[in-house]
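*Asks:* Kindly generate the corresponding structure for this input.
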Amino acid sequence: MAAAQQQPPPLQQNEAATPGGIEVDLRWYVTGLGVIMAISFMAGLQQSPFSLVDHETSANTLMAPTAHGTSSPAMPPASDRSKIVRDSFLVQQQPQPEDSIGGSNAEMLYQSLDGEDDDEDAFDDQAYLTFDPTAAAAGEHLLVDIEGVDADFLDSESRLAQAMIDTTKEAGLELLSYHCHSLEPKGVSCVGVLLESHMSFHTWPDEGVITLDLYVTTVSTNTEQQAKQQPLVPNVVESVKRLFGVRGAGKAPRPLNARWSHEFRGFDPAASQANYGIHLAGSDLALWVLSPLEMYSKTLVHSSWTQSNQRVDIWDLVEVTDTPSQADVIKYGLKEGDPRLYTPELVTPWRVVFLNGKLTVMVDEEEVLMETLVHPALFAHRRPEQVTVLAGYAGLTNGVIREILKHKTVEKVTAWQTNAELVFDIASNHLKTLNNCTLLIGRADNCLEDPIVDLKYYHEQPLHTVITADSPKQDAMIILDYASFMKSADDVSKMFQLWMDSLTSEGVLLIELGQAAAIHDPRPDLGVHARREEMMLALDALDDVGAMLVFEEAHTGALEPDGFLLVCKHASCRQRWYARSDQVEFQIYDRLVKTIKEYEKGMRKPVLAYYDGTTQRSYQWPKKGWETVYCKREPTPWECAYIHLNQYAEFHEFNVTHENEGSFRMEIKYDRPEDDEDAEIEETRVFATTNIPKGSYIMAEHLANSLMVTSRNLEGLVNNTKMGSPEPKGKVDTPKSRATIIEDLLEFIDDHGHASIMEGSEQFYVEVGGSALIRRSEKMEEANIEPWVPRRRSPKPKYSPVYERHRMSFDVFIVASRDIKKGDEIVMYKDMWTAPTVD
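*Replies:* Okay, the predicted model is just below:
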């Protein structure tokens, strides 16, 4: 029964048999067909344009030369790379041009990569690093674009492949395989698989352009293995430019130009920076030089490590958007219509200096930076004689010394620097303008060689210890890279106290703060500027600090404005800080040395290139960012509530000529009948003509026009009254009669003026509007108006950009201290501007 079931079913009645046909067992038919297909498939593989590489059996066999396309030699044995390549891979090969690599050429390239092909150690554990699972998930990415390259080179697979092989070899990288493909009608695309990641490029022969990228990961934490790998910048960049930048042939080949960009990739970029010695990701060096691809040229001028373990990098840069300067126009004789006026071709590069990755000097803009570091501070002092400069690990005293030497009053400059190599050798060879004092009359040609300059070096001494209780008194100190000093000190408050102790009674301290505050910055004790806030609070807490004035300069060459802090031991520095522009201009003329005549035009070059009275005027009001960040402190400083006038409060004005149009009326009392021509005003009073709620602004428009005078103005007026002659007969315009007018003015100022809330400013505000008619009372409780900003019993903060920005508003505006009814007299307490009213 079982055997009967295994027979094929019989034909049905409606299925006619084929005449002369042969009956076939279907099972044998399917089996035979499968065998034939298998044989055909294996035979097809032998003739296929694809090469299947099996790790266990075919790893030592070279890829067969093909009719089109260039591929790399075979992989090493699986035993040597089992931790690198885990899956089989299929390499597609295309028909091969005549100049491509194949046959013996393929063997030659094999040898160039790994030595002789019969060497048993051609693929050993040293040649092919194994993947370390503990290595960081990070790497470096290099992009290079080159134009002006020879067209034949860019259309040759073999030459391009060889350039890739040579590049990876010079870079100390392991090239596992590569594939190049010619495109129609021209051009080549190549990709190389590295143990560390990959390298790829594409060419445009007619345009003379090649774009290339190289990505390298950290595959091992073994220092010996890492030592083989060269830094991508500048080593590998130069290899790529040399090996791929083949200059075009012909009488007038296009100039070669290479642009490149370097980025740290992944989520642990610090692990990929062993070749650079410092943390570069996010540094100024990365931002200015390594990352931008839109640079027309980047030329490394100098890179070294100093004896004090400082990394110095100096670069010459030209951006693609740069155009010739006036000096370039004169140098090359450019005329109107010359197309080079609109390209960076003839632009003189601008030199940039980085210390430990931080932007320190932009040479083209160095005069702005150096003048800002020195002159605002020294002009804030009455007569600076002793000056000290402390430069941290990212600071450079050159240039600062030059600017200090421009002050005639200075008798000694003490400059602390990390090492002599940086100050003398590197700066003298690559930053010559910083040491140039040839134009200054009475100074040495080399600023560092001037007899009043005393150069000192930290060597292994901690930075914060160079100023001690026994240090000579200084009139001014300039701090470069304050973060280095704070990092060095165990007790920053003690360090700052020593700095203040080392200053004379009117001494000043200028601190370079780095990037200025911005309105979107977080609370100051959070984020990247937390150390700066720590310093601000520590200085503010010192009794020896009289004033702290912050300012910024946007023309130092940095991408963002640079911030600076002036710390005064005595608040009287505000008088000089707030000086008018003309007063500062006179001080520049009076206190700075003169320059020699220029040998070409017979004219004197100005002793200062940037700083002047108007520039100082711009420093007198901190920018909005400082105020905004300051008011993010917790708890919020109380004065931050007074940044703006209260828009919901009422404003009540006094119309002197049309009283019915205002909120006040005036009553005048004379010392004799009003119609007497000799009648004089004995008293004035002001009354409300409407109800005025508490907190309303009183005569704000009048008060905003108050007269501001300084102690120097008053001193001059007093001196003028002493130059009068005996009283003449009659009313004649004589020195004596004019002196009487001045005396009356001084009396009016004394009655209606008050000192500024800013201690040491020596500024006075005189009410010249309707508020001057308000009666002054000896009794505080009788008054019904008060200053808009309450006078506090607690001392004002020494650092407050709110006070500095709004000092004039804080000094003049008045509000109702209680509800004032219609018909009430407006009364002011005579000491209203100075008497504290709140805690």
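*Asks:* Tabulate the CA atom coordinates of stretch 323-333 in CSV.
*Replies:* In CSV, the C-alpha atoms belonging to stretch 323-333 read as follows (Å, rounded to 0.1, in the frame of the first residue of the first chain):
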residue,chain,number,x,y,z
THR,A,323,40.7,92.6,-0.2
PRO,A,324,43.9,94.7,-0.5
SER,A,325,44.5,97.4,2.1
GLN,A,326,45.8,100.8,1.3
ALA,A,327,49.4,99.6,2.0
ASP,A,328,48.8,96.7,-0.4
VAL,A,329,47.5,99.1,-3.1
ILE,A,330,50.7,101.2,-2.7
LYS,A,331,53.0,98.2,-2.5
TYR,A,332,51.7,96.6,-5.8
GLY,A,333,50.8,99.8,-7.6
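*Asks:* Show the average pLDDT along that stretch.
*Replies:* For stretch 323-333, mean pLDDT is 95.
*Asks:* same thing with stretch 564-571?
*Replies:* The predicted model assigns stretch 564-571 a mean pLDDT of 97.
*Asks:* show me where pLDDT drops low in this protein?
*Replies:* 1-33, 35-136, 218-226, 250-252, 269-275, 597-603, 724-738 (pLDDT under 70).
*Asks:* what's the longest strand in it?
*Replies:* Longest strand in the chain, counting residues (DSSP state E): strand 503-515.
*Asks:* Now do the buried residues in whichever strand or helix holds R159.
*Replies:* Per DSSP states H and E, R159 falls inside helix 157-170. Buried residues in helix 157-170, counted by 16 or more other CB atoms under 10 Å: E157, S158, R159, L160, A161, Q162, A163, M164, I165, T167, T168, E170. All C-beta atoms are positioned from the backbone trio N, CA, C, and that covers glycine.
*Asks:* Can you name the next helix or strand after whichever strand or helix holds D751?
*Replies:* Using DSSP H and E, D751 falls within helix 735-752. Downstream of helix 735-752, the first helix or strand assigned by DSSP H and E is strand 753-755.
*Asks:* strands paired with that next one, and their directions?
*Replies:* Sheet pairing here is set by DSSP bridges, and for strand 753-755 it gives strand 763-766 (antiparallel).
*Asks:* which is the next helix or strand following the strand it pairs with?
*Replies:* Toward the C-terminus from strand 763-766 - assigned by DSSP H and E - lies strand 775-777.
*Asks:* ok now that following strand, how far from the chain's centre?
*Replies:* Relative to its parent chain, strand 775-777 has a centroid offset of 54 Å by CA atoms, centre = their mean, to the nearest Å.
*Asks:* counting contacts, what elements does it pack onto?
*Replies:* The contact analysis (3 or more CB pairs under 8 Å, 6 or more residues apart in numbering; DSSP states H and E) places strand 775-777 against strand 681-688, strand 825-829.
*Asks:* Contacts made by the very next helix or strand once past the first one with the rest, please.
*Replies:* This points to strand 681-688. With elements assigned by DSSP H and E, the helix or strand that comes after strand 681-688 is strand 697-698. Under the criterion CB atoms under 8 Å, 6 or more residues apart in numbering, residues 645-646, 649-652, 692, 771, 785, 788, 813-816, 826 lie in contact with strand 697-698.
*Asks:* What subset of those residues is buried?
*Replies:* Buried among those by 16+ other CB under 10 Å: A649, E650, H652, I692, S771, I785, W788, F813, I814, V815, A816, I826.
*Asks:* and E747, how far is that from A772?
*Replies:* Computed as CB to CB, to the nearest Å, the E747 to A772 distance reads 13 Å.
*Asks:* right, I mislabeled it, should have said G395
*Replies:* Look at G395 and A772: by CB to CB, they are 53 Å apart.
*Asks:* ok, these two, which is more surrounded?
*Replies:* The neighbour comparison of G395 against A772 (other CB atoms under 10 Å) goes to G395, with 26 against 18.
*Asks:* wait, what's in contact with that one?
*Replies:* Contacts of G395 (CB under 8 Å, 6+ apart): L355, T360, Q417, L480, D481, S484, E512.
*Asks:* same question, N691
*Replies:* D819, I820, K821, K822.
*Asks:* still on that earlier bit, show me what the helix holding D751 is packed up against.
*Replies:* helix 711-721, strand 763-766.
*Asks:* quick one: which of these is nearest M699?
*Replies:* Nearest to M699, of all the helices and strands packed on helix 735-752, is strand 763-766, at 13.7 Å by CB to CB.
*Asks:* and the residue nearest to E411 when sequence neighbours are not counted, how far is that from S502?
*Replies:* Closest residue in space to E411, ignoring its immediate chain neighbours: E385 at 4.6 Å, by CB to CB, 6 or more residues apart in numbering. As judged by CB to CB, E385 and S502 stand 14 Å apart.
*Asks:* same check, this time on V567
*Replies:* Between V567 and S502 the computed distance is 12 Å (CB to CB).
*Asks:* More neighbours: these two, which one.
*Replies:* More neighbours surround V567 than the other of V567 and S502, with 31 against 20 (other CB under 10 Å).
*Asks:* just to revisit the earlier point, out of the contacts of N691, who's the most crowded?
*Replies:* With neighbours defined as other CB under 10 Å, the most crowded of the contacts of N691 is I820; it has 24 neighbours.
*Asks:* Tell me the bridge partners for that one.
*Replies:* Those that pair with I820 in a beta bridge, by DSSP bridges, are I692.
*Asks:* Next up, the contacts around it.
*Replies:* A688, N691, I692, N784, I826 are the contacts of I820 under CB under 8 Å, 6+ apart.
*Asks:* go with 7 Å
*Replies:* Applying CB atoms under 7 Å, 6 or more residues apart in numbering to I820 gives the contacts A688, I692, N784.
*Asks:* G527 too?
*Replies:* D521.
*Asks:* just to revisit the earlier point, wait, which of the helices and strands packed on helix 735-752 is closest to A609?
*Replies:* Comparing the helices and strands packed on helix 735-752 by CB to CB, helix 711-721 comes nearest, at 28.7 Å.
*Asks:* quick check, D544 in a strand?
*Replies:* No. Under DSSP: H, G, I helix; E, B strand; the rest coil, D544 sits outside any strand and is assigned coil.
*Asks:* What distance do you get for it to Q326?
*Replies:* Taking CB to CB, one finds D544 at 48 Å from Q326.
*Asks:* So for the two, which sits in the more crowded spot?
*Replies:* D544 (16 against 7).
*Asks:* wait, the more buried one sits on W499?
*Replies:* No. The pair D544 / W499 is not scored as a contact, 9.3 Å apart, by CB atoms under 7 Å.
*Asks:* host element of S304?
*Replies:* Using DSSP H and E, S304 sits in strand 295-305.
*Asks:* just checking, next helix/strand downstream of that strand?
*Replies:* Using DSSP H and E, the first helix or strand after strand 295-305 is strand 311-319.
*Asks:* Go ahead and produce PDB holding the CA coordinates of that next one.
*Replies:* Extracted as PDB, the C-alpha positions of strand 311-319 are listed here (Å, rounded to 0.1, in the frame of the first residue of the first chain):
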ATOM      1  CA  ARG A 311      52.600  75.900  23.400                       C
ATOM      2  CA  VAL A 312      53.100  78.900  21.000                       C
ATOM      3  CA  ASP A 313      51.400  78.900  17.600                       C
ATOM      4  CA  ILE A 314      51.800  81.800  15.200                       C
ATOM      5  CA  TRP A 315      49.800  81.800  11.900                       C
ATOM      6  CA  ASP A 316      49.500  84.100   8.900                       C
ATOM      7  CA  LEU A 317      45.900  84.100   7.700                       C
ATOM      8  CA  VAL A 318      44.000  85.500   4.700                       C
ATOM      9  CA  GLU A 319      40.300  85.100   4.400                       C
END
